[in-house]
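Undergrad: Sequence plus the predicted model coming up.
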Amino acid sequence: MLRGFNRLFALPGTTVFAHSALAEEQGVERWGVNMTQGVTEVAQTTYNLHMLIFWICVVIGVVVFGVMFYSMWRHRKSKGYKAAQFHESTAVELAWTIVPTIILILMAIPATKTLYDIYDTQEADLDIMITGYQWKWKYDYLGSEVSFFSNLSTPRTQIDNQQPKSANYLLEVDEPLVVPVGKKIRFLITANDVIHAWWVPELAVKKDAIPGFINESWTRIDEPGLYRGQCAELCGKDHGFMPIVVKAVPQAEYDSWLGERAESTAKMKALTEKTFTFDELFAQGEKVYNRACAACHQPNGQGVPGVFPAIAGSKVAMGPLDAHLSMVIHGSPNNPAMQAFGPQLSEVDLAAVITYQRNAFGNDMGDTVQPIDILNFKNKQ
Amino acid sequence: MAHGPQPGFKRWLYTTNHKDIGSMYLWFSFAMFLLGGCMALVIRAELFEPGLQIVQPEFFNQMTTMHGLIMVFGAVMPAFVGLANWMIPMMIGAPDMALPRMNNWSFWILPFAFAMLVSTLFMEGGAPNFGWTFYAPLSTEYAPPSVTFFIFSIHIMGASSIMGAINIIATILNMRAPGMTLMKMPLFVWTWLITAYLLIAVMPVLAGVVTMMLMDIHFGTSFFSAAGGGDPVLFQHVFWFFGHPEVYIMILPAFGIVSAIIPTFARKPLFGYSSMVYATASIAFLSFIVWAHHMFTVGMPIAGELFFMYATMLIAVPTGVKVFNWVTTMFRGAMSFETPMLFSIAFVILFTIGGFSGLMLAIAPADFQYHDTYFVVAHFHYVLVPGAIFSITAGVYYWLPKWTGNMYNESMGKVHFWLAFIGLNVTFFPMHFVGLAGMPRRIPDYALQFADFNQIASVGAFLFGAAQIVFLFNVIRTVQGGSKASDEVWDNPEGLEWTVPSPAPYHTFSTPPAVR
């Protein structure tokens, strides 16, 4: 419908609905009007339930509005229709109390069944702990060493409209949650700071991530693929920028991925012993800064007045190293928004980002922090 | 001077007259409606396209929060209190409200509450940015410093509402004209009586929850902080124990208005008066036992989920009774379609659509997919805009000739109606689609597949906004002059308010009327 409208207003090289056209070129499905049927049994059942209630509502709506429009059409004063004066009927009132009650009971039966299914988190093949942070997700594969953060990977330039938006704009991450297909996966969901909600529509899993609570949910994915979702509970400034990507793969592929992931974790630990040059640290630090710090302190290090302090010229970044290390590793004692990054980042990344903060945005401390310094600082505590 | 208003601004500052206070409530709420509406337009302008164009996420969150707070506490609630002030004494044959000085006070603290709330926009760190539901700990440990001002303004608004409710109950129970038995009262009076009880029951709960926040923020308690042994979910339980009855506070008086208008323009008595009263009371009762349906995803035990699901579904029964009664009132009437009737018919249709999506949301397993998406935004705007706003508008058009003695401009009224009706549907209907397709609410930027419907919704929002300018213009013109209205105004309407002259004199029913 709007495509014709689009053409009508088309200017050379552009259209009124520029982003929609862009979406089309990139194969994004447009004009979606309904819930996904998903890729799990629960998602399919939920979809069926949704459609059942929808059609019941449509039928009731057609009857009620039908009577209403009929009287609006036939029973008009302008047509000389004389008003009847009836105004009571106990029988009718009883009928339209009882009939809807019966319909509701019929609706409640499948809903109750589905709810029992969704709540059955017993006998899982795999447990994954999901922790919501402002504004990223952490995944711990329980029973293995593997644990990582998953951040939005859409570049800032796309958000600020300096670059065309990619097909999975705002729905892409640096590291997806990798899971095997055909296995019952139990999610243990919690949060580190404020309340978040972990939601992937195609799995029909949505559960609040609440600090101090561990919620349970589960899924069994039938088909390999990439399934995208978002945080569904307002969690502060970048609530709209903490997507979820689940990559479902065959068991064999999953096993080898898990092995590689464990190996690279070990390698990362080994790097802690290595001494890096200033340039290496500074370059790596910039990457880490943009991933972990820039959301609040801003890419230019200027912060947001009254909310997030600036890094440029900051007393911490331009002050004694120990205080700076403590702030980044343990977080701020006064402001919970400044998280403890010690458990979130590797020693190498911590060393790099602190080196970067002390030497970027016009800060000129000139010192270099090595991963081993971080380790020593942590051990000293 | 003894029987007339004071001259100049003192008339408004010192007044204890229910009509003056009613007018002030209505003008205040309209001002807040425009302010909250402008904030909605900032939101819709930012959401016109993917990417950040006009505002940054911090400010976007302040807009969604302030829009919600201002519309709920500043626009809808004071408008209903304004209508109650104007109409309840005239409908029950009373000379004024029972507690006129408190009436003055409960109005005049409101502008201060909202001045304080709006001033937070200019404070360092910005206005409240945690959503109108202000879930802890985002609204406590993680809140901007202005949260304290927000808490105090909520306290003042709550005090105002409680005083208003006390006044309405005292008036209705004590000041009815002889012969005006409870079951003879117009439904607007009945619905407001029940609403007033809801207000007295839940506004203290709201005051309690914000006081607990205040303690957490400034006095070292840990009601809602898990690290201190508290419970963030407790906040949601307490908030929604207030919040769900609050939803009905914003809709029950609307039922009363529509139940007055439809019989007048169908020229046929309201069908099932007593079942309407019982249905209203049932809805009010049920509103206290369904709060956790706002919290299906917090991880309640399954027994809790089932209880709140069944109780919520049950609300469909009395609500259905009401809709069926309105439709049956129209059936075989002799209908005409003046502006108040148009808004009332739109109310019935669109509120029912909002009711249907509410029924869908009640189904807990399906709610896991709907929760916190635009489907919810579509749902509550369908019940609140055509529900509360359209009924208030209908009420204003219906009683404006009685208030001013002048007829409003009917063609302009119809233009207002159609602009608002089309604008509303273009804005909110597509939100069902993007919500089902997976767009979360309260996000300043979104994925590309949601772009088309968001663009349409933004266009609709500006249309709806423009419609309100027509309304304002029409009301001002009517206050200034126009063709004279008769005492009855409409074709044989029911109610004592139509037995007094138009415009209604400053004091009405100084001696009680005879009630048949």
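TA: Structure received.
Undergrad: How many neighbouring residues does residue 380 have?
TA: Chain wasn't specified; assuming chain A. Residue A:380: 8 surrounding residues under other CB atoms under 10 Å in any protein chain shown. To be clear about C-beta, it is placed using only N, CA and C from the backbone, and glycine gets the same treatment.
Undergrad: The chain in question should be chain B.
TA: Close neighbours of residue B:380, defined as other CB under 10 Å, add up to 18.
Undergrad: so what's it scoring on pLDDT?
TA: With respect to pLDDT, residue B:380 scores 97.
Undergrad: again, but for residue A:295
TA: The score at residue A:295 is 85. That number is its pLDDT.
Undergrad: How about residue B:516?
TA: Listed pLDDT for residue B:516 reads 74.
Undergrad: And residue A:85, by the same measure?
TA: The model's pLDDT for residue A:85 equals 89.
Undergrad: What of residue A:375?
TA: On the pLDDT scale, residue A:375 is placed at 86.
Undergrad: Could you list the contact residues of the stretch 351-500 of chain B toward chain A?
TA: Residues of the stretch 351-500 of chain B lying near chain A by CB under 8 Å from any CB of the partner chain: B:352-353, B:356, B:359-360, B:363-366, B:368-369, B:371-373, B:432-434, B:436-438, B:440-449, B:451-453, B:455.
Undergrad: which among those residues end up buried?
TA: B:352-353, B:356, B:359-360, B:363-366, B:368-369, B:371-373, B:432-434, B:436-438, B:440-449, B:451-453, B:455 (16 or more other CB atoms under 10 Å in any protein chain shown).
Undergrad: Of those, which belong to strands?
TA: Residues of these located in strands (DSSP state E): none.
Undergrad: returning to that earlier point: could you tell me which of the residues of the stretch 351-500 of chain B next to chain A belong to helices?
TA: Using DSSP state H, B:352-353, B:356, B:359-360, B:364-366, B:368-369, B:432-434, B:436, B:451-453, B:455 are the members of these that sit in helices.
Undergrad: Would you confirm that residue A:360 contacts residue A:301?
TA: Yes. The criterion here is CB atoms under 8 Å, and residue A:360 meets it with residue A:301 at 6.4 Å.
Undergrad: Overlap in contacts, those two.
TA: Among the neighbours of residue A:360, those also in contact with residue A:301 (CB atoms under 8 Å, 6 or more residues apart in numbering or on different chains) are residue A:311.
Undergrad: Just to be sure, residue A:188 is in a strand?
TA: Yes. Counting by DSSP: H, G, I helix; E, B strand; the rest coil, residue A:188 falls inside a strand.
Undergrad: For residue B:21, see how far away the residue nearest the centre of chain B is.
TA: Central residue of chain B (CA atoms, centre = their mean): residue B:76, 3.2 Å from the mean position. Here the criterion is CB to CB, to the nearest Å. By it, residue B:76 lies 18 Å from residue B:21.
Undergrad: which stretches of the chain have low pLDDT?
TA: Chain wasn't specified; assuming chain A. A:1-26, A:381 (pLDDT under 70).
Undergrad: Not quite, go with chain B.
TA: Counting by pLDDT under 70, the ranges of chain B that qualify are B:1-3.
Undergrad: and the residue of it nearest chain A?
TA: Across chain B, the shortest distance to chain A (CB to the nearest CB) belongs to residue B:226, at 2.4 Å.
Undergrad: Relative to residue A:193, how far out is the spatially closest residue to that residue that is not a sequence neighbour?
TA: In space, and not counting its chain neighbours, residue B:226 is closest to residue A:212: 2.4 Å by CB to CB, 6 or more residues apart in numbering or on different chains. For residue A:212, the distance to residue A:193 equals 11 Å [CB to CB].
Undergrad: Between the two, tell me which one has more neighbours.
TA: residue A:193 (22 against 17).
Undergrad: Would you mind naming what in the stretch 201-350 of chain A lies close to chain B?
TA: When proximity is defined by CB under 8 Å from any CB, the stretch 201-350 of chain A lies next to chain B at A:201, A:204-208, A:210-213, A:215-216, A:229-241, A:304-307, A:336-337.
Undergrad: if you look at those, which of them are in strands?
TA: Among these, the ones falling in strands (DSSP E) are A:205, A:206, A:207, A:208, A:215, A:216, A:229, A:230, A:231.
Undergrad: Find the pair from those residues with maximum spatial separation.
TA: Farthest-apart pair in these is A:216 and A:230; separation 20.7 Å (CB to CB).
Undergrad: Could I get the contacting residues of the closest residue to chain B within chain A?
TA: Going by CB to the nearest CB, chain B is nearest to residue A:212 of chain A, at 2.4 Å. By CB under 8 Å, 6+ apart, the residues touching residue A:212 are A:190, B:226, B:227, B:230, B:231, B:232.
Undergrad: Residue A:67 reaches residue B:329, doesn't it?
TA: No. With contacts counted by CB under 8 Å, residue A:67 stays clear of residue B:329, the gap being 11.5 Å.
Undergrad: More neighbours: which of these two?
TA: Set side by side, residue A:67 and residue B:329 show more neighbours around residue B:329, with 25 against 15, by other CB under 10 Å.
Undergrad: The more buried one belongs to a strand, doesn't it?
TA: No. Residue B:329: not assigned to a strand; according to three-state DSSP it is helix.
Undergrad: Regarding chain B, what is its longest helix?
TA: Per DSSP H, chain B has its longest helix at helix B:187-218.
Undergrad: Show me what that helix is packed up against.
TA: helix B:77-92, helix B:147-174, helix B:232-249, helix B:252-266, helix B:273-286 (3 or more CB pairs under 8 Å, 6 or more residues apart in numbering or on different chains; DSSP states H and E).
Undergrad: Reformat those into TSV and put mean neighbour count and distance to chain A next to each item.
TA: Formatted as TSV, the helices and strands packed on helix B:187-218 follow (neighbours: other CB atoms under 10 Å in any protein chain shown; distance: least, CB to the nearest CB, whole Å):
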stretch	mean neighbour count	distance to chain A
helix B:77-92	27	19
helix B:147-174	21	13
helix B:232-249	22	6
helix B:252-266	27	7
helix B:273-286	19	5
